[in-house]
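Participant: Provided below for reference: sequence and predicted model.
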Amino acid sequence: MSKYVKPTLKTKFCVDFSWWQGKNLRSFLQEQICSEGKNHYDNQAEGTFDWLHPETGEVFQVDILWHLIHTHCRQQPDFITDYTPLVPAIFRVFIANNNTPLTPGEIYDIIHKQSPEVILKTIGGRVIYEGIRPVL
């Protein structure tokens, strides 16, 4: 049994793809596609590619939709707006940054929502949202 370590403002977070096993990541990613991307995306297109975690060296299979969002949608002005809820905005930050681990303060610097403390309380608790976890 692993010991729970309470994250701080200096703790880095990223999307843990193993959390998504048995869950529908593909469906969640479809919700993140920008309107232009939806016009070009073929709903029948499926596939994954290998993604290398920059700090741990672990290799994960990542859905091709992640790639579409990372390469196209993140550049659109409506990718993260004032109306994007906090957790989806944080998730989109990780897509945009190729899941590079970030602290709550670094996330705040990108989305300018709430405060680093609120971001920490949201993603640093025992409840895991959208696979966003501390990098240990």
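Facilitator: Perfect, thanks for sending it. Numbers count the residues shown, from 1 in each chain.
Participant: which parts of the protein are strands?
Facilitator: Ranges of strands in the chain, per DSSP state E, are 13-15, 48-52, 59-63, 132-134.
Participant: out of the ones you listed, which is the most enclosed?
Facilitator: strand 13-15 (a mean of 23; mean count of other Cβ atoms under 10 Å). Placement of C-beta: from N, CA and C, glycine included.
Participant: what about residue 119, distance to residue 68?
Facilitator: 26 Å (Cβ to Cβ, to the nearest Å).
Participant: which one of these two is surrounded by more residues?
Facilitator: The neighbour count for residue 119 versus residue 68, taken as other Cβ atoms under 10 Å, is higher for residue 119 (25 against 22).
Participant: pretty sure that one contacts residue 90?
Facilitator: Yes: the pair residue 119 / residue 90 is scored as a contact, 6.8 Å apart, by Cβ atoms under 8 Å.
Participant: so what sits against both of these two?
Facilitator: Counting by Cβ atoms under 8 Å, 6 or more residues apart in numbering, the contacts common to residue 119 and residue 90 are residue 107.
Participant: can you name the residues bridging to the nearest residue in space to residue 67 that is not next to it in sequence?
Facilitator: Spatial nearest neighbour of residue 67, chain neighbours left out: residue 49 (6.6 Å); criterion: Cβ to Cβ, 6 or more residues apart in numbering. Beta-bridge pairing for residue 49 (DSSP bridges): residue 62.
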